[in-house]
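Q: model this:
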Amino acid sequence: AALENLPELRYLYAYVPKLGRRDVKKLLKGLEKSERLQTLALGIDSDAAAALEEMPEGPALKNLFLFANSKNTTVNLESIEFNDSLESFYCDIGTHGLTEFIDAHPNLVSVQVQSDESWQAVDYNDTIDAATESENMSFLMFRDLMNSNLTNSEEWQDIKKSIDFEQLYKSGIYDCYQEGAFVMDMDIEEYYEIYLRQ
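A: Sure thing, here's the model as predicted:
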């Protein structure tokens, strides 16, 4: 109820360890009238993540950040209907339906996500396809792979062979390879040549 009295609210960060499904539904309902809200950051668990699928038509968010309270938290993005206004999406919760989510939000510029254990190469590649087909996407970071690209492990070599990172590079989308080049202070083309093709 208190949120309904905050029409000027532009940013809300709510991280409550025991924020349950009912609480999230109440929170989202309270935000319906916060017409100026542009950034929403939520720390939630699996049960609360399910409440996002029942999110009512709310404010025209530009930035959405989802943080997990537990490692087993997952969220089905395909079932969530946000306004087309969404430009930046950060999620360290295991996700499903990311390809559909990107397709449904044409104004997305930046996406950072955490895959879960069910993801296979096809899921990464479908997400890459959706990103490169988007007119506005310029940043796609798979957070679970972000540090892996600095290693030379067999696991990383297998990932490189099965995921089409080069498609991102050719489309001018910033990704974990460009992150790696920045960290190592290398020219991006040289970095790609050395690390993507080895």
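
Q: packing partners for the helix or strand harbouring Val122?
A: Element membership for Val122, per DSSP states H and E: helix 121-133. In this structure, helix 121-133 makes packing contacts with helix 98-104, strand 139-142, helix 154-162, helix 165-170, judged by 3 or more CB pairs under 8 Å, 6 or more residues apart in numbering; DSSP states H and E. To be clear about C-beta, it is placed using only N, CA and C from the backbone, and glycine gets the same treatment.

Q: who are the packing partners of the first one?
A: Which is helix 98-104. strand 110-114, helix 121-133.

Q: the inter-axis angle of the shortest one versus helix 121-133?
A: Right, the one you point to is strand 110-114. Here strand 110-114 runs at an angle of 170 degrees relative to helix 121-133 (axes from the mean of the first three to the mean of the last three CA atoms, to 10 degrees).

Q: quick one: strands adjacent to strand 110-114?
A: strand 88-96 (parallel), strand 139-142 (parallel) (DSSP bridges).

Q: pick out the shakiest of those, pLDDT-wise.
A: The minimum mean pLDDT among those belongs to strand 88-96 (a mean of 86).

Q: what sits up against it?
A: 44, 49, 62-68, 72-78, 101, 105, 108-118, 143 (CB atoms under 8 Å, 6 or more residues apart in numbering).

Q: switch the cut-off to 7 Å
A: 49, 62-68, 73-78, 108-116, 143 (CB atoms under 7 Å, 6 or more residues apart in numbering).

Q: quick revisit: mind putting the helices and strands packed on helix 98-104 in JSON lines, mean pLDDT included?
A: As requested, those are exported to JSON lines (pLDDT from 0 to 100):
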{"stretch": "strand 110-114", "mean pLDDT": "90"}
{"stretch": "helix 121-133", "mean pLDDT": "93"}
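
Q: between these, which one is nearest to Ile163?
A: helix 121-133 (4.6 Å; CB to CB).

Q: now do the closest one against helix 154-162, angle only.
A: 50 degrees.

Q: keeping just the C-alphas, turn helix 121-133 into CSV.
A: Extracted in CSV, the C-alpha atoms of helix 121-133 (Å, rounded to 0.1, in the frame of the first residue of the first chain):
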residue,chain,number,x,y,z
ALA,A,121,25.1,-25.5,-26.6
VAL,A,122,21.8,-25.1,-28.5
ASP,A,123,20.4,-22.8,-25.8
TYR,A,124,23.5,-20.5,-25.9
ASN,A,125,23.4,-20.5,-29.7
ASP,A,126,19.6,-19.7,-29.9
THR,A,127,20.2,-16.8,-27.5
ILE,A,128,23.1,-15.6,-29.7
ASP,A,129,20.9,-15.8,-32.8
ALA,A,130,18.1,-13.8,-31.1
ALA,A,131,20.7,-11.2,-30.0
THR,A,132,22.2,-10.7,-33.4
GLU,A,133,18.7,-10.5,-35.0
